[in-house]
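Q: My questions concern the predicted model and sequence given below.
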Amino acid sequence: MEELTITRPDDWHLHLRDGAALKAVLPHTVRQFARAIIMPNLKPPIRSVADAAAYRDRILAAIPAGKQFEPLMTLYLTDNTSPEEIIRAKESQFVKAVKYYPAGATTNSDFGVTDIRKCDRVFEAMQQVDMPLLLHGEVTDPDVDMFDREKAFIERHLMPLKQRFPNLRVVLEHVTTSDAVQYALSANNIAATITPQHLLFNRNILFQGGIRPHFYCLPILKREEHRLALLQAATSGNPKFFLGTDSAPHPRNGKESSCGCAGCYSALHAMELYAEAFESVDALDKLEAFASFYGPDFYQLPCNTEQITLTRTTWRVPDEVPFTESGLVPLRAGQEMTWQMV
Ligand code: DOR
Ligand code: ZN
């Protein structure tokens, strides 16, 4: 196959940041995707419908002239989120989900939830109005090994949560393990997003020839057996698994540091990365539904009507793209890609 034309995809998990950073990265997403679920972990986070409305306006103002893009907003769940805010969110129409970060789990998660049971009244309201819950599924317990934190979250927190709220619709975001895949397959009202980096790389890449901060994200890359389970899930044609890049830009000096930030930047070439992953298992025919159909189905939105085309071309990912005080290093910087969106 030399050319692949598919329905325009959406990104169901995206970090756009704010201000100059937002202006720098938004054109990349707009080039590929029609809509995206926008993560609320700004400093300070997007905690209310009013915060989300203002952030949405800033995103809309940053869309390049003549381009179409719809930001789908989320609220950042805290210990203090009220059930009334959930009702307001549902009524707003532009808030599409609520994001749970365990306090301290990842970038800008200081305001996150300290104990998931504290949110039961909020989950009750979400279940009632059918507002999806998006999970950063990792425990923060320092005694749990870094590579076991997703599995521990599923066992300790997600399984009990699903028992308390069986009709709450949940997305286990950026799944990284075969355990997460198995759980998503076994439970009702649960879907999962998968990033390009977790489909393309295992944890060895983090240490290939030295420490490689641009492959560091959370949840961290896992063993090869887990990558293969994710690739199998993504290409299985099961609508529970859909595209979410988790593209998370940080300036080069924030990544290349004695305590570097977590996040891979993939908005520049997300569809090309996914195409490569799908082609590696001869499953390009499964890319369109994963990228363009299953996400809208979960979020109860229509699919896009336009199309995009990827062609087989060799090109080199730039070493960096302009960003803020320092440049932004895309995933796989300096390396050759085999597909290109035209
Ligand atoms: O790698 C990550 N980066 N994981 C997250 O959960 C947050 C994200 C970010 O905001 O940089
Ligand atoms: Zn994320």
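A: Looks like it came in fine. Ligands and ions are numbered 1, 2, ... in the order given.

Q: can you pull the buried residues of the top strand by length along the chain?
A: As assigned by DSSP state E, the longest strand anywhere in the chain is strand 307-316. Neighbour-count burial for strand 307-316 flags 308, 310 (criterion: 16 or more other Cβ atoms under 10 Å). All C-beta spots, glycine's among them, are computed from the backbone N, C-alpha and C.

Q: strand partners of it, parallel vs antiparallel please.
A: Strand 307-316 has its sheet partners listed here by DSSP bridges as strand 3-7 (antiparallel), strand 336-341 (antiparallel).

Q: Residue 286 and residue 232 touch, don't they?
A: No: at 10.8 Å, residue 286 does not count as touching residue 232 under the criterion of Cβ atoms under 8 Å.

Q: now the strands paired with strand 307-316 as TSV including mean neighbour count and mean pLDDT?
A: Output for those, formatted as TSV (neighbours: other Cβ atoms under 10 Å; pLDDT from 0 to 100):
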stretch	mean neighbour count	mean pLDDT
strand 3-7	16	98
strand 336-341	16	98
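
Q: Throw the ones you listed into JSON lines and include distance to ligand 1, thanks.
A: Shown next, in JSON lines, are the strands paired with strand 307-316 (distance: least, Cβ to the nearest ligand atom, whole Å):
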{"stretch": "strand 3-7", "distance to ligand 1": "27"}
{"stretch": "strand 336-341", "distance to ligand 1": "22"}
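
Q: Residue 65: which of those strands is closest?
A: Closest approach to residue 65 among those (Cβ to Cβ): strand 336-341, 20.2 Å.

Q: Show me how far the closest one is from its chain's centre.
A: The chain centre lies 22 Å from the centre of strand 336-341; the measure is Cα atoms, centre = their mean, to the nearest Å.

Q: Let me see the residues that make contact with that strand.
A: For strand 336-341, contacts defined as Cβ atoms under 8 Å, 6 or more residues apart in numbering pick out 4, 31-32, 269, 271-273, 275-276, 279, 308-317.

Q: Which positions in the stretch 51-200 of the chain make contact with ligand 1?
A: 106, 107, 136 (Cβ under 6 Å from any ligand atom).
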